[in-house]
Every structure is written in C-alpha cells, then in structure tokens.
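S.K.: sequence and computational prediction follow.
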Number of protein chains: 2
Amino acid sequence: MVTLAEVARRAKVTGATVSNVLRNPQKVKPETVERVMAAIRELGYRPNLTARALAQGRTSTLALMLSNIANPFYPEFVLAAEREARKRGYFLLVCNTDDDPAITRAYLDQIAGTLAAGVIVMNTDLAERELVEVAGRGAAVVLCMWEHVQPTRALPCVTVDFAAAGALAAGHLSELGHRKFGALVGEGSGGPQTVRVAGFESGLAARGHAAKSLVAARTRDSIEGGYEAAMTLLRKHSALTALFATNDLMAIGAMQAAADLGKRVPDDLSVIGITDIQLSHQFRPALTTVRFPTAEIAARSITLALEMVEGTAPAQEMYAVRGPELVVRESTGPAPPRRRG
Amino acid sequence: MVTLAEVARRAKVTGATVSNVLRNPQKVKPETVERVMAAIRELGYRPNLTARALAQGRTSTLALMLSNIANPFYPEFVLAAEREARKRGYFLLVCNTDDDPAITRAYLDQIAGTLAAGVIVMNTDLAERELVEVAGRGAAVVLCMWEHVQPTRALPCVTVDFAAAGALAAGHLSELGHRKFGALVGEGSGGPQTVRVAGFESGLAARGHAAKSLVAARTRDSIEGGYEAAMTLLRKHSALTALFATNDLMAIGAMQAAADLGKRVPDDLSVIGITDIQLSHQFRPALTTVRFPTAEIAARSITLALEMVEGTAPAQEMYAVRGPELVVRESTGPAPPRRRG
C-alpha cells in the first residue's frame, strides 16, 4: 500500500502539505498542489477512508472502554475490534477504566462525541442511566457482553447467551458421569456472573441432578481468585469430582489448586471454564471450555457502532452472536469409578 | 470522589452545562451558574486536572502505540502507563498497530499533536526518521523499550539493559552446572532480539564456556514460536540441558515442547526466559526468568512524555530504568548428573 509519507517524499514536501493538498488545496501554492497531485498519480496513492472522513468533518475514531486490560480476554477482543474498525477506515482508541466507575465517567466526558464518534462499553460498574446521558449528547453508545442489562435502542447490546454456555458445561460434566459438582462464580465487572451459573444449574436440573449435588463459591474473576476458591471448595467437599468456573481464568487457577492438593486433572478432578481465551489451549493440561465467538462479538459491536455513527438507527435492542460451543480438551474426563453413580 | 455527573444531578442540569460553567461561565445564565456553583460547594467537587487542561486549551491525552496487544507484556505495560497518566491528570489512548508500519503511520498522522499531545512508541518496524518527522510537527515522541535504536533528544528512549538481562540468564545456568545450551531468539517487532542473546553469549564466555557450547534458533516471539523452535533444537541436539529464551512467551512454549518430548522440567531440562510477564509465575512449572521493571518503565515513559508536552526539553537521550534481576522459580535446576562436566 502506498502511504502518504511516500507521496510526500516523492513530491519533496512534508506529510502535512500532502494532507493540506487533499483537504484544503486552496491554502497551498498551485505549483505545490500540482507536484503533489503528480506524485499521487505516479504512485497510485489512494487517500484512505480516514482522510476522507476528516475532509468531511466527521470524526473517524471509535473508542473501546474496557474494565481491565490485564484480563487476557480483553486484549484478544481489542485485536479483533481494532482490525474490524480499521477495515472500515476507522481508528480504535482503547481506554482502560481499571474497574473504576469514576474513570469510566471521566473518559466518557472527555471523548464521547468529541474525540470518538462512537463508544463501545464493555461490562462495567457504570450505571446504565449515565450511559443513556452520554448517548443523549450525540455519541453512539453500544454495550457489549453485559451480563445484566436492560438494553434500549439508544443503548443496544451485543451479547452472547451466557445461560446456554453454563448449560453446555453442565451437560458435558453430567455425560462424563459426574455427580458432585463445584461452581466457581466470578465477581466480574458489572456484578457476579450469575447468569452463567444459573444456566449451569438449569443444565444439571434438566439431567436429573438434585440441587444439593452442587456447591458454589464466589470469588474474584482471576487466576488467583479461582485458585483460592477451589482450594476452599476442594478441602471442604472431598467428594467433588468436577469443577465448573464461570470464566477460564478461574478454571486455570482451579487446575493449579488441584495440582497443589495432589489431585490429578482430569483423573481425579475435571475442570471446565467459559470463554476460550488463548491461555486455555496453551496451558497444560489444556482446558476444556465453552467458547464464546470473541472475534465475531468484536466485529458485530464495531459494525453496530458505525451504523449508528453513520445515521442508521439500531433496528433492535439486543444483537446476539451465534451460540457458545463446547471445546473438549484435556482437563475433563470420566468421573473416577469409585465415586460414580 | 465526587464526579461532574453528580454535580449535574444535584444542580438539575446536564454534564455539559457543568463543564460550561467551569470553562465559559459567561455563556451560561447567571442563575444556572449560581446553582451549579452551589452544588459544587455542597458536594465538595474538585474539577480534575483534565478539565483544567481543557480550560487552558491544552490537549490532555497521551497515546501509546504498541505492536501487538495480544502479547501479554503489553496489557501489563498499558495498565501501569494508564495509571501513571491518570495520576497526572492525563488520559491514555492505546493504539494497537498490529505489527504493521502502515497502520502505525496512519495512527500517527491521525493523532500525534492533535488528539494526543504526546506519543509513546513501543518497539515497532517504523523507521526512526518517520518518527523524527512526527516530532517535527510538534508532538512529543518518546521511544520505549527499543532494542535497536539511535536515540536523539527529539526522540529520547526509555530502555532497559537488554544485554545485562541475557548475561544474568547465562550466569544462572552456568552456576547450575549446565554445559550445553540452546537459545531461542525471538523475531520481535523492530527486529530480532539479538542484543539479549549477545548478552547471553558474553555471559557464557565470561564463565569460560566455548562458543560451540551454544546452539541458537530464531523464531517468532510467541508461545507457538518457542514451542516449534524448542522442538527442533531438542530433537537435533540431544545433549542440551538448558534452554534460554529471549522472551518469556517462547520459554513457556519451550516448556510445553519439553513435556511433549517426555523431558521433565527442570530435572532433564532447565528453561529460563526474560521479562517476567504474569503468566510466568502462573504457569506450572513456574518459570525462572530475568525480570524487567515493567511498571517503572511505563511510569518513566509517561513522565518523560509529559515533561516534553509541558515544555521541558529532554536532558538526555537515553533513560535507563534500574537493572533487570534474576527471579528463580521452578523451571531451572542443576544439570542432570550424567551430563555434568
């Protein structure tokens, strides 16, 4: 791809002059305009959509607000969102709100509708009414992956079926013959991941497991949180043969806890997560999990934000991507024989 | 912390009106100004530095350009940089350039000096002369973690001693009695990580190891790259008892390769990396590595960029943070006896 800098070098001017020729040629000396236009023709340079948007006075950036960039799901999401935005001629600015509503507010005050034409807000502790206010100031606001949300057309939401993900995990463990289950329920941004665990409970009930076959513990949505909660559950309930975590990070922590307690995964204990972050297949044993279509969620969010920026009103309130799917790897196996049945 | 939105609710106006009262009170009806100022006093609201910067017509955002957000070093860096920027009243916009110079250029054209007053550029394939041009347009440009760089005062660089990191790894493995070494050399953004491996070679030489005691392989700087290169080296050179990787990701891939070849870490093979990303202590076996002071590098970069934005010329060309340090965990141990000596 020919770049603006190459045009500038060929025409022996600065990049700023090339931009000026493209946007405000009347402000540039005619001989310079001619030289720059000649270089553009010779090199076959095509000013990108961004330059065109700028020329039309439209802001060509979107912002993505996320709660904690250190959670590896988000970098994977950013990568996909950034590629989709760029494909459409937009830039993506990433804002890490550090799980702090005050910071989220400050970023929104600063960029929504000014620096960024549209904002995608990942699950956060910010109240929806504040986001409605931001949307009211003229910024396109799209919610993404909110587990607890009452969406409106002003704040449409791109989401996955969190309950179905939990039910898939329950079905898999039940089919493997497990009868005593532990659940690690993450306290995520935007509240506990209760929809996922409710789906897991429904999945167990649908297969005839009694409510008392499940013990649950709430914990931080992190490897360390999963480790601690799994330690507590496994020490207290020695009959457990399967752990379900509402997120992969906690499942990985649970596998570490099992190792430190001398339990083999999956021979003594099966572990399953939700999401399928990269680490899940990189870890040993590789984690069985329920995959969310991360790239698709990211692309759909960008598309929806751009439709709103470009004036298409959202036609609906919820945009669900295709369903979660089970990915069986090394961390789940048949229930140990002596405990079966 | 009391927010602008809370002031707005108390005064029964929009957030934009509160901003106007703070910046352009002459444009707001006197009774509204009075109501807003009363709410500010009652709630104890303190407009933040950003608002003040806006009032003074200064841009209050910095941008961080990084090559690949999916590499877990970067999210950790972003977290620290974002916190430091915010502490100083600035926002940090993160731009993922996807290892593509054309995208880097496009982001710089779009934001440097306009949306962002200063730009921190992590190791990238972009030529330095292009960055000098950006700095010439009035944006503060700080290079960070560039392994191959000729810094200038226009483009000062915050860096660590990459060679010393390699030498520390060599010293550790040599002291454990290893005599046959393999090196996995990452092809990072901005070129191969040759300074680190040169430091490793010097460290071995200083301890009397002959050059032929080391075999090296270049590979992508990723878990998968490390896995493949380690597979090749370990199959071809069965006498190897220690692997040094120029980055933790490759070291983790090497541990997976060892497991798949039936080699125990550290009993049969010691593995050491560089950086100390979070994953290094989370992985099993936990990785021995040479730690870079990531948070300190991030904070120093932000500080330097802000000094430049605020008009302090950089006093020097290179800003080195404190030295790397050895972190011994589970992945290194004494060389297997039959191969010692």
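M.R.: Nice, I can see it. Residues are numbered from 1 along each chain as shown, chains lettered A, B, ... in the order given.
S.K.: assign A:Ala106 to helix, strand or coil.
M.R.: helix (DSSP: H, G, I helix; E, B strand; the rest coil).
S.K.: could you do the one 3 residues further on as well?
M.R.: For A:Asp109, the reduced secondary structure class is helix; criterion used: three-state DSSP.
S.K.: do a quick rundown of the helices in chain A.
M.R.: For chain A, helices defined by DSSP state H occupy the ranges A:4-11, A:15-23, A:30-43, A:49-55, A:73-87, A:101-111, A:128-136, A:162-175, A:194-206, A:223-236, A:248-260, A:278-282, A:294-309.
S.K.: now do the contacts for A:Gly191.
M.R.: Residues in contact with A:Gly191 (C-beta atoms under 8 Å, 6 or more residues apart in numbering or on different chains) are A:Asp125, A:Glu147, A:His148. All C-beta spots, glycine's among them, are computed from the backbone N, C-alpha and C.
S.K.: may I have the phi/psi pair for A:Val321?
M.R.: Backbone geometry at A:Val321, expressed as degrees, to the nearest 10, gives phi -90, psi 180.
S.K.: in strands, which of the contacts of A:Gly191 fall?
M.R.: Per DSSP state E, strands hold no members of the contacts of A:Gly191.
S.K.: out of the helices of chain A, which is the most enclosed?
M.R.: Ranked by mean neighbour count, the helices of chain A are led by helix A:248-260 with a mean of 25 (mean count of other C-beta atoms under 10 Å in any protein chain shown).
S.K.: helices or strands up against that one?
M.R.: Applying 3 or more C-beta pairs under 8 Å, 6 or more residues apart in numbering or on different chains; DSSP states H and E, one finds that helix A:248-260 contacts strand A:181-188, helix A:223-236, strand A:242-245, strand A:270-275, helix A:278-282.
S.K.: re earlier: for the contacts of A:Gly191, which one is nearest B:Ser222?
M.R.: Distance ranking of those against B:Ser222, using C-beta to C-beta, places A:Glu147 first at 31.1 Å.
S.K.: grab the nearest non-local neighbour of that closest one.
M.R.: A:Val195 (5.1 Å; C-beta to C-beta, 6 or more residues apart in numbering or on different chains).
S.K.: and the one you found, how far is that from chain B?
M.R.: Per C-beta to the nearest C-beta, to the nearest Å, A:Val195 is found 26 Å from chain B.
S.K.: so what's that residue up against?
M.R.: A:Glu147, A:His148, A:Phe162, A:Ala163, A:Gly166.
S.K.: most widely separated two among those residues?
M.R.: A:His148 and A:Gly166 (14.6 Å).
S.K.: before we move on, back to that, how much space separates the residue nearest to A:Glu147 from A:Trp146?
M.R.: Using C-beta to C-beta, to the nearest Å, one obtains 10 Å as the distance from A:Val195 to A:Trp146.
S.K.: go on, A:Gly208?
M.R.: For A:Gly208 relative to A:Trp146 (C-beta to C-beta), the value is 32 Å.
S.K.: need the per-residue pLDDT for the residue nearest the centre of chain A.
M.R.: Nearest to the mean C-alpha position of chain A, counting by C-alpha atoms, centre = their mean, stands A:Phe77 at 4.6 Å. A:Phe77 carries a pLDDT value of 94.
S.K.: what sits against it?
M.R.: A:Leu66, A:Met122, A:Thr294, A:Ile297, A:Ala298.
S.K.: go again with 6 Å.
M.R.: By C-beta atoms under 6 Å, 6 or more residues apart in numbering or on different chains, the contact list for A:Phe77 reads A:Thr294, A:Ala298.
S.K.: nearest to B:Ala81, of the contacts of A:Val195?
M.R.: For the contacts of A:Val195, the closest approach to B:Ala81 (C-beta to C-beta) belongs to A:Glu147, at 28.7 Å.
S.K.: now do the phi/psi pair for that closest one.
M.R.: A:Glu147 adopts backbone torsions of phi -90, psi -30, taken as degrees, to the nearest 10.
S.K.: and it, what pLDDT?
M.R.: Per-residue pLDDT puts A:Glu147 at 83.
S.K.: count the neighbours of it for me.
M.R.: Using other C-beta atoms under 10 Å in any protein chain shown, A:Glu147 has 19 neighbouring residues.
S.K.: can you check A:Glu330 too?
M.R.: Counted with other C-beta under 10 Å, A:Glu330 comes out at 16.
S.K.: ok, and the closest non-adjacent residue to it?
M.R.: A:Pro285 (3.7 Å).
S.K.: near chain B, which residues of chain A?
M.R.: On the criterion C-beta under 6 Å from any C-beta of the partner chain, chain B has as its neighbours in chain A the residues A:1, A:3, A:5, A:69-70, A:75, A:78-79, A:82, A:91, A:93-94, A:96, A:102, A:105, A:110, A:115, A:130, A:223, A:282, A:284.
S.K.: try it again with 7 Å
M.R.: A:1, A:3-5, A:15-16, A:48, A:50, A:69-70, A:72, A:75-76, A:78-79, A:82-83, A:86, A:91, A:93-96, A:98, A:102-103, A:105-107, A:109-110, A:115, A:130, A:133, A:137, A:223, A:256, A:259, A:282, A:284 (C-beta under 7 Å from any C-beta of the partner chain).
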